[in-house]
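Q: Here is my input; please provide its structure:
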Amino acid sequence: MLSENTPVYSYGIDIIKDGKKLISYNDVLPDKKKVKALVDLCNDLDAAPEHLPDILEDFLP
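A: Numbering: from 1, shown residues only. All right, here's what the predicted structure looks like:
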């Protein structure tokens, strides 16, 4: 159990195009490595931003 003084971290995803933030998905997961792996995969596959909600739904436990 966490005490009230225990920090809790959660990582999100920003979609950025041409230096402008298009959208942010906050509090995706508390695991930075998993969020980074998902971002890397989306970037490698050049996933379209409009597909990210479905990708997140499939990815999340």
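
Q: Going by C-alpha atoms from here, please, whenever you check contacts or count neighbours.
A: Will do.

Q: give me the low-pLDDT residue ranges for the chain?
A: Applying pLDDT under 70 to the chain flags the ranges 1-2.

Q: show me where it has helices.
A: All helices of the chain, identified by DSSP state H, fall at 32-44, 52-59.

Q: Where is the longest strand in the protein?
A: Longest strand of the chain, by residue count under DSSP state E: strand 20-29.

Q: Can you name every helix or strand that that strand contacts?
A: Judged by 3 or more Cα pairs under 8 Å, 6 or more residues apart in numbering; DSSP states H and E, the packing partners of strand 20-29 are strand 11-17.

Q: rerun that using 10 Å as the cut-off
A: Under the contact criterion of 3 or more Cα pairs under 10 Å, 6 or more residues apart in numbering; DSSP states H and E, strand 20-29 touches strand 11-17, helix 32-44, helix 52-59.

Q: Relative to Tyr25, which of the ones you listed is closest?
A: Taking Cα to Cα, strand 11-17 is the member of the helices and strands packed on strand 20-29 nearest to Tyr25, at 5.1 Å.
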